[in-house]
Structure formats: structure tokens, C-alpha cells
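K.L.:
pasted the sequence and its predicted model underneath.
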Amino acid sequence: MEQIQIIDAKNHVGETVKIGAWVANKRSSGKISFLQLRDGTAYFQAVVVKNDVSEEVFHLAKELTQETSIIVTGEIREDTRSKFGYELGVQAIEVIGESHDYPITPKEHGVDFLMDHRHLWLRSSQQHAIMLIRNEVIRATYEFFNNNGFVKVDPPILTGSAPEGTSDLFETNYFDQKAYLSQSGQLYMEAAAMALGKVFSFGPTFRAEKSKTRRHLIEFWMIEPEMAFMHQEESLEVQEQYVAYLVQSVLDNCEYALDVLGRDKDTLKNYTKLPYPRISYDDAVELLKKNGFEDIEWGDDFGSPHETFIANSFDRPVFILNYPKAIKPFYMKPHPTREDVVICADLIAPEGYGEIIGGSERATDYDFLLEQIREAGLNEEEYSWYLDLRKYGTVPHAGFGLGLERTITFIAGIDHVREAIPFPRLLNRIYP
Ligand code: 4AD
Ligand code: MG
């Protein structure tokens, strides 16, 4: 007899099969028990009818507790009443691992309790759905960049550089030297672009940010494409095509997960329409001022209420272009005619999900970059390899970083980035 996974039930209608599963929930009346089973691939119902099974099996089914693991034998039947479309008529049950007093019950739990039990919470239907969407975003990322001629390059995680500023670095000992956990692989990706043309990275990045918001993780995953002989306008096109591709891939391949999460598909569909609008930083400040934001002045960085207001002025993600030089990192290309802004853009997601991409064209001139490094108070010896890129055949190049978890919260329509990663590292939380 074949052992199958629930997701493949449709190919086995009328057959007797074995399935390894956990009991997610159970409902019993006098002569019948309904087991809600999950095996990681899907959820479906197994029906145990008193008259169809031995006394022993019926009794066992009635006694099964939440999250007991079992191997169940039965016949796959069509079940037009359930959304899944199939169910199992149980013949036999073998208990593999008992489960007593499972802490996460169908009642409501507080977030701290759930986070303390993250290793178990992952089994719940919503968290399961989010992980399926995460997987699809990762799969579609590789597909998009492979289809478009990018080479995957892995920058180091232990580094000596601080591309995004020195205030939020995790420092560690590297034998008798100091090292930092990578904030961004960008500088290395620039070197890689000079060797391979169009490259992308995909890896964990770390920010020791004392931020406790629904958008900040201490450890998050970033996709960082970098493209030689490319200017910012072309990079923006890659960015919007990439984000639209991710949204479309989730629509195409994660219908079940979107339904579990109650995410409206027409809303998402709209985010696949290109181009995305572009607004300058200057105009964004004006827009805010005109709409009662008295706390914002030209030169300030946007906070989350500002980003949300700007995003709500458009019906899909919006690029904010050319921020003040003073609030952006040292490596950005100066504007050709203005000293006060740089050639960069952040992509702000709709519905209050905030910035999902930060990117820019990169400074190409050796002397200018050296001056920037000095001005930023960085140790120029540690950046001498980075400066070399401007010494040996410098070219225009641009790139960006997309935050995986922020993008997942946006596509999945969930409240907090902590649910977009299996084991979130948050301010004051490294358990489990
Ligand atoms: O805007 P950021 O800091 O840009 C960079 O690191 C550039 N070096 C990228 C590049 O050009 N190669 O970060 C990029 C993205 C943000 O837009 C956001 O989506 C995400 O990374 N991000 C975070 N996500 C979760 N938690 C945090 N603490 C994040 N910080 C940034
Ligand atoms: Mg940013």
C-alpha cells in the first residue's frame, strides 16, 4: 500500500493509502469522529465511522489528542463540502508519538506566549500558509534573476565593512581582529558585478537596531542585485519587474495560502501593473506638508506615518527618488546638477507596509568616494579594496536591496515581520 502526502490525495481517489500526519483538531459524536489532519503539505479531514472500523480503532480515534502523530490507513474520497475537496475514510490508525497538554490550543493566545512557542506555533494553519508564501517568494526570486541573466554570488557574512553606517553593527572577535556581522553584502556585490556583469545575492543580514516596530528584525534576509553598466532608471525598471513578478508568482502558486490568510487577490493583482509611480523626495515632502504633517522638513528622513501617507496617495508601490545626501550612505552617486541630493530610490509598499527596497546608483569616481569614506568617519584602509573598483576600470553601476520579510508581510497581508521568518530575532528575543 502506498504512503502518500495529503496534497496528492486527488491522484488517489478510491484507493486505500497510508498517510503520516498530526492530529490538528478533532470532533466526535456518538458514532463518528472527525479528525482534522495535517502533514505539512495540507490539511484535510479523516472520518472514523463506528460501524466501519474495529471497536479498538474507534476507541483510539476518540482518545487522540491534539498534535499526536499517527500513521492512518484509509480510502481517499471526494468531499465536495470541504474546500480541499477530498477526505479520508479511516480503516486503521497507528500512533507514532503521543502528545499531551499541547500548549497552543484553538483558543486565543497572546503574542508573547505564541513567540515563546514559535517552534510549535509554526504548525498552525496561518503560520504554515505564511511559510508557503515565503518559499514561493524565494523560488520566484531565483527564477526571476536566473531568467534575466543574473549570476548568484554569495558575499561574506563576517566582514570588516559597514556599508549602512556604524551605529547598528554586531561586533564579534575574529581571532585577534574585530569583525562585524554583515549589514548588507552590497560592497562585495559591486566587486562581483565588475567580475560577472549582473549579479544577485540572497542571504542573512544583521542590524543591531534598537527598533521595536512591526517592520524591524535584527536578523533578516536580503536580496541584493548589482548591475554593471547600468544607471538608476534601468535599475528601477528591474526593481518594479522583480516585485511584480513576486506578486504574480504568489498569486499563481499560493492560492490556498492566500485564502487561509484572507488576502484579497484583486488587491494583489493591481500590484502587478507596471510601471510603479515615481515621486521625488522634494515632492513627497511638499505632499506631506500640504496634508498637515507639520513635523516634516526638507532634509528629514521619513518615519512610518509619512511613508504610509505617501503610499496611500497611490494605488500600488511607489518609488521615492533622490533623497538628501546627508541621510543616505556614503557610496551613493551624487546628483549631476544638485549637491544636496543623491541618485537613489526607496520603494514603498502600499497599505502601510513601508519600505521594501532601498537602492541607488553608485559613486564611480575614486577621489570623490575616498572623500566620502573619510567624511563618514570610516577607516579608509578597510575600504581600500572597495576603492580599487574605481581604480581599475570604473563603470556606471546600480543596485538595490529587497528585504525578504517586509516583502512577505506585504504580499501575505500580515501585520508584523516577526511572522514572516521561521525563527525571528527581535529586540530582546533570541528564544527559541
Ligand atoms: O535600505 P537598506 O538599509 O539598504 C541597504 O542595505 C543597501 N546596501 C541595499 C543595496 O543597495 N544593495 O536595506 C534594504 C532593505 C530595506 O528596504 C528593507 O526592506 C530591508 O532591507 N530592511 C529590513 N528588514 C527587516 N528588518 C530590518 N531591520 C531591516 N532593515 C532593512
Ligand atoms: Mg533603506
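P.N.:
Arrived safely. Ligands and ions are numbered 1, 2, ... in the order given.

K.L.:
residue 120 contacts residue 103, correct?
P.N.:
Yes - at 6.6 Å, residue 120 and residue 103 qualify as touching, with contact defined as Cβ atoms under 8 Å. Every C-beta, even on glycine, is put in place using the N, C-alpha and C of the backbone.

K.L.:
average pLDDT for stretch 78-87, rounded please.
P.N.:
In this model, stretch 78-87 has a mean pLDDT of 91.

K.L.:
list of residues touching it?
P.N.:
Contact partners of stretch 78-87, identified using Cβ atoms under 8 Å, 6 or more residues apart in numbering, comprise 9-10, 13, 42-47, 76-77, 259.

K.L.:
out of those, which comes closest to ligand 1?
P.N.:
Sorting the contacts of stretch 78-87 by how near they are to ligand 1, with Cβ to the nearest ligand atom, puts residue 259 at the top with 26.1 Å.

K.L.:
burial count for that closest one?
P.N.:
12 (other Cβ atoms under 10 Å).

K.L.:
so who does it touch?
P.N.:
Contacts of residue 259 were listed using Cβ under 8 Å, 6+ apart, and they are residue 83.

K.L.:
pLDDT wise, what is it at?
P.N.:
We note a pLDDT of 95 for residue 259 in this prediction.

K.L.:
go on, the one 5 residues further on?
P.N.:
Predicted confidence (pLDDT) at residue 264: the value is 98.

K.L.:
state the distance from the closest residue to it other than its chain neighbours to residue 81.
P.N.:
Nearest residue to residue 264 in three dimensions, chain neighbours excluded: residue 413, at 7.6 Å (Cβ to Cβ, 6 or more residues apart in numbering). Relative to residue 81, residue 413 is positioned 27 Å away (criterion: Cβ to Cβ, to the nearest Å).

K.L.:
the residue nearest the centre of the chain sits in which helix or strand?
P.N.:
The chain has residue 405 as the residue nearest its centroid, 2.7 Å off, counting by Cα atoms, centre = their mean. Under the criterion of DSSP states H and E, residue 405 resides in helix 404-412.

K.L.:
what helices and strands are in contact with that helix?
P.N.:
On a contact count with 3 or more Cβ pairs under 8 Å, 6 or more residues apart in numbering; DSSP states H and E, helix 404-412 meets helix 125-147, strand 219-228, helix 232-253, helix 255-261, strand 344-349, strand 354-361.

K.L.:
for the closest residue to residue 113 other than its chain neighbours, helix, strand, or coil?
P.N.:
Once its chain neighbours are removed from consideration, residue 113 has its nearest residue in residue 103; the separation is 7.9 Å (Cβ to Cβ, 6+ apart). On the three-state scheme (DSSP: H, G, I helix; E, B strand; the rest coil), residue 103 is labelled coil.

K.L.:
burial of residue 103, as a residue count?
P.N.:
Every residue meeting other Cβ under 10 Å relative to residue 103 is counted, giving 13.

K.L.:
pretty sure it contacts residue 121?
P.N.:
No - when contacts are counted by Cβ under 8 Å, residue 103 is not listed as touching residue 121 (9.3 Å).

K.L.:
which of residue 413 and residue 81 has more residues huddled nearby?
P.N.:
The residue with more neighbours, out of residue 413 and residue 81, is residue 413; 17 against 7, by other Cβ under 10 Å.

K.L.:
report the contact partners of the more buried one.
P.N.:
Neighbour list for residue 413: 261-264, 351 [criterion: Cβ under 8 Å, 6+ apart].

K.L.:
could you chop this structure up by domain?
P.N.:
Dividing the chain into domains by automatic domain parsing, as the record does, gives the ranges 3-97, 118-419.

K.L.:
any regions of the stretch 101-250 of the chain where pLDDT drops low?
P.N.:
Under the criterion pLDDT under 70, no range of the stretch 101-250 of the chain is flagged.

K.L.:
try 80
P.N.:
Counting by pLDDT under 80, the ranges of the stretch 101-250 of the chain that qualify are 162-163, 166.

K.L.:
relative orientation of the helix holding residue 405 and strand 344-349 in degrees?
P.N.:
For the pair helix 404-412 and strand 344-349, the angle between their directions (axes from the mean of the first three to the mean of the last three Cα atoms, to 10 degrees) equals 40 degrees.

K.L.:
residue 218 is in contact with the residue nearest to the centre of the chain, correct?
P.N.:
No - with contacts counted by Cβ under 8 Å, residue 405 stays clear of residue 218, the gap being 11.3 Å.
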